[in-house]
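Chemist: Take this sequence and fold it.
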Amino acid sequence: MNPLVRLIPSPLVRFFARPYVAGDSLESALAVVENLQALGIGSTLDLLAETIETREAAERNVETYLEMVDAVAAGTELARNGRAPTLSLKPSSYTTDPFDAGGHADGAADAVRRIAEHARSRGVPLTIDMESRHWTDFTLDLLAELHAAGHDHVGAVLQTRLHRTEADLDRLPKGCRVRLVIGIYQEPESVALLDKETMKERMLAFARILLERGHFVEYATHDERWVRQFVDFALPNHGPERFELQMLFGVPRAKLVTEMQERGCAVRQYVPFALSWPMAIAYLRRRLDEFPAMIWLVLENWFRRK
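Modeler: Numbers count the residues shown, from 1 in each chain. Okay, here's the model as predicted:
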């Protein structure tokens, strides 16, 4: 990790992180979900749990997700506009042997299968997040396996910064939900774009392809210009039932959300939480290490609240 990132005091990291993390317990995250539902905004819950060091920690993460499934299933009657809460998970949360450290991700696939099975039994939609390039083939293969076994409630994520993503569109199970993001993981130029504007151009182009192929598109960006371009195409050509807009919890875009809701578009926020603040702070340090420019985005959003 970058030594400068390590030097940032934990209280300062927590101060800046607080608006973007829905607390240090499932209960606090569910309270955020209920508040969003009151505003007609959907949510997808994500447990911040990476860099797992013990099998006990990996199993605790699985058990937390099983509990999350039950909690979301029990609370779906609170959903507004038919947008019940969903869950997002990262396969790296269930292994002490991750691909990006040269490992084989032992235990990760079994854990995701276990959670997916429980989610199907309770009628809860699930999304497998996309991590660094080391995880891409594993994630897409696991997604295909799950859909072949009847788990059509499981969605995918694709990162438009990766050069391989255009070809990966063909690997998606027919009609599955797809969240499109530019991706936050810093990748070498040999495998990924470095220019964000081009990433966003690809995002719009891939969204068009996915809609035309019958996928449900979850368009995840805070860039108002590109959100409007997407909606201007998707709404008249495919209707509001074929897509939704996704944004990060804590990023101030209230006017954009209201505008999109008035146009009949569904909006969902990605709601991360941890089981302790030290876990949340460790996660945010890793994100800062991978994407140092994040600190400027945090400051920008902080001043926008003032």
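Chemist: Pull out the buried residues from the strand or helix carrying T64.
Modeler: Secondary structure assigned from DSSP states H and E places T64 in helix 55-75. Using 16 or more other C-beta atoms under 10 Å as the test for burial, helix 55-75 gives 57-58, 60-62, 64-66, 68-69, 71-73. Quick note: C-beta positions are derived from backbone N, CA and C, even for glycine.
Chemist: Let's see it as PDB, backbone CA atoms only.
Modeler: Extracted in PDB, the C-alpha atoms of helix 55-75 (Å, rounded to 0.1, in the frame of the first residue of the first chain):
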ATOM      1  CA  ARG A  55     -11.500 -19.300   7.200                       C
ATOM      2  CA  GLU A  56     -13.600 -18.200  10.300                       C
ATOM      3  CA  ALA A  57     -13.800 -14.700   8.800                       C
ATOM      4  CA  ALA A  58     -14.800 -16.100   5.500                       C
ATOM      5  CA  GLU A  59     -17.600 -18.200   7.100                       C
ATOM      6  CA  ARG A  60     -18.700 -15.200   9.100                       C
ATOM      7  CA  ASN A  61     -19.200 -13.300   5.900                       C
ATOM      8  CA  VAL A  62     -21.300 -16.100   4.400                       C
ATOM      9  CA  GLU A  63     -23.500 -16.200   7.500                       C
ATOM     10  CA  THR A  64     -23.900 -12.400   7.300                       C
ATOM     11  CA  TYR A  65     -25.100 -12.700   3.800                       C
ATOM     12  CA  LEU A  66     -27.600 -15.500   4.700                       C
ATOM     13  CA  GLU A  67     -28.900 -13.200   7.400                       C
ATOM     14  CA  MET A  68     -29.000 -10.300   4.900                       C
ATOM     15  CA  VAL A  69     -31.100 -12.400   2.500                       C
ATOM     16  CA  ASP A  70     -33.600 -13.200   5.300                       C
ATOM     17  CA  ALA A  71     -33.800  -9.500   6.400                       C
ATOM     18  CA  VAL A  72     -34.400  -8.200   2.900                       C
ATOM     19  CA  ALA A  73     -37.000 -10.900   2.200                       C
ATOM     20  CA  ALA A  74     -38.800 -10.000   5.300                       C
ATOM     21  CA  GLY A  75     -38.800  -6.300   4.500                       C
END
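Chemist: just to revisit the earlier point, could you export the buried residues of helix 55-75 as a markdown table, including pLDDT?
Modeler: Below are the buried residues of helix 55-75 laid out as a markdown table (pLDDT from 0 to 100):
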| residue | pLDDT |
| --- | --- |
| A57 | 95 |
| A58 | 97 |
| R60 | 96 |
| N61 | 97 |
| V62 | 98 |
| T64 | 97 |
| Y65 | 98 |
| L66 | 98 |
| M68 | 97 |
| V69 | 97 |
| A71 | 94 |
| V72 | 93 |
| A73 | 92 |
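Chemist: Let me know the pLDDT of L4.
Modeler: On the pLDDT scale, L4 is placed at 60.
Chemist: List the contacts of the nearest residue to I209 once chain neighbours are set aside.
Modeler: Excluding its sequence neighbours, the residue lying closest to I209 (C-beta to C-beta, 6 or more residues apart in numbering) is L169, at 6.1 Å. Contacts for L169 were tallied using C-beta atoms under 8 Å, 6 or more residues apart in numbering; they are L158, F206, I209, L210, R213.
Chemist: 10 Å instead, please
Modeler: Counting by C-beta atoms under 10 Å, 6 or more residues apart in numbering, L169 makes contact with L158, V178, F206, I209, L210, R213, H215.
Chemist: Over to P240?
Modeler: N81, V231, A234, M260, R263, G264, C265, A266.
Chemist: Quick one: buried ones out of the residues you listed?
Modeler: The neighbour-count test (16+ other C-beta under 10 Å) marks V231, A234, M260, C265, A266 as buried among the contacts of P240.
Chemist: Of those, which belong to helices?
Modeler: V231, A234, M260 (DSSP state H).
Chemist: Just send those residues back as JSON lines, with pLDDT and distance to P278 too.
Modeler: Below are these laid out as JSON lines (pLDDT from 0 to 100; distance: C-beta to C-beta, whole Å):
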{"residue": "V231", "pLDDT": "98", "distance to P278": "40"}
{"residue": "A234", "pLDDT": "98", "distance to P278": "41"}
{"residue": "M260", "pLDDT": "97", "distance to P278": "36"}
